[in-house]
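predicted coordinates and the sequence they were generated for:
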Amino acid sequence: MGVIGKAAFISFMRRKDQNHQLQMKKYINLTVFVLGLLVAFSGVAQQKKPKFSHSLDTFTDSRDGKVYKTITFRRKHHSGYIERTWYAENSKYEVEGSLCYDDLKEYCDAFGRLYNYEQANLACPPGWHVPTIVEWKHLFQFFEGVHHAAKHLHQGGDSDMNMLFGGFASHGKEFQQAGSSGNWWDNELKDSNTAGIITLQKGSEQIFHSKVGDLYFLSTRCVKFHN
């Protein structure tokens, strides 16, 4: 190869190397830009997640001296906050006619008592009430909504609500499903003889809401009245 040919070849290789470096620089800049966008969108997604706090306490029912664990949830909502204080365990207050599963005191100690609808509304102490369906829904929204909240709310979940699978009893006092389902009243009469029921089932992340005869016996949680 002559001197002119070598010079041309060297010049060509230099231009090729420069083009390669330029392409690599553009690629790196594009990569950094895309990563920056991903971080930014991730930050926005984080900010859009519902933010709430919860704190634990206790409450003593002056009617019988029983002490209940309580939990207060506080969540930003529009320009203000939603705040609710819940029993973090099932009611054990002995209303006349309420039941222990299988008529065994040990079940009442572990799972709380079972009440029909009228009894449930007597089980909560003054200043507290059986939760409305709206209050139940607010609770579920704290924990991924009705399709996933159960895994957070049942015993061992990260909500501290410790919702146990205490079963239920029919109006004929037939006891069923202890260990496989938990069933709680919501303070909503559907008609003259049915009311709302909230159900968690073992092995399911979903919350179930339906209606049941108001003479069935279910577990009860209490919510504090807030101003």
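Alright, I've got the coordinates.

from here on, just use CA atoms for contacts and neighbour counts.
OK.

could you pull out the strands for this structure?
Using DSSP state E, the strands of the chain run over 52-60, 67-77, 80-87, 128-129, 166-169, 175-178, 181-189, 194-201, 207-213, 223-224.

mind picking out the helix or strand in the chain with the poorest mean pLDDT?
When the helices and strands of the chain are scored by mean pLDDT, DSSP states H and E, helix 3-48 comes last with a mean of 48.

what residue is smack in the middle of the protein?
What sits nearest the mean C-alpha location of the chain, by C-alpha atoms, centre = their mean, is residue 143, with 2.9 Å.

residues contacting that residue?
Contacts for residue 143 (C-alpha atoms under 8 Å, 6 or more residues apart in numbering) come out as 149, 152, 159.

is the second one in contact with residue 158, as I believe?
Read that as residue 152. Yes. Residue 152 lies in contact with residue 158 (C-alpha atoms under 8 Å); the separation is 5.2 Å.

any chance of a markdown table for the strands of the chain, columns mean neighbour count?
Listed next are those as a markdown table, based on neighbours: other C-alpha atoms under 10 Å:
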| stretch | mean neighbour count |
| --- | --- |
| strand 52-60 | 13 |
| strand 67-77 | 17 |
| strand 80-87 | 18 |
| strand 128-129 | 20 |
| strand 166-169 | 26 |
| strand 175-178 | 16 |
| strand 181-189 | 23 |
| strand 194-201 | 21 |
| strand 207-213 | 17 |
| strand 223-224 | 22 |
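
want to throw these into CSV with distance to residue 101?
Converted to CSV, the strands of the chain look like this (distance: least, C-alpha to C-alpha, whole Å):
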stretch, distance to residue 101
strand 52-60, 24
strand 67-77, 20
strand 80-87, 20
strand 128-129, 23
strand 166-169, 7
strand 175-178, 6
strand 181-189, 12
strand 194-201, 17
strand 207-213, 18
strand 223-224, 23
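
surely residue 92 is in contact with residue 115?
No. With contact defined as C-alpha under 8 Å, residue 92 does not reach residue 115; the gap is 9.9 Å.

those two: which has the busier surroundings?
Counted by other C-alpha atoms under 10 Å, residue 92 and residue 115 do not tie: residue 115 has more neighbours, with 32 against 26.
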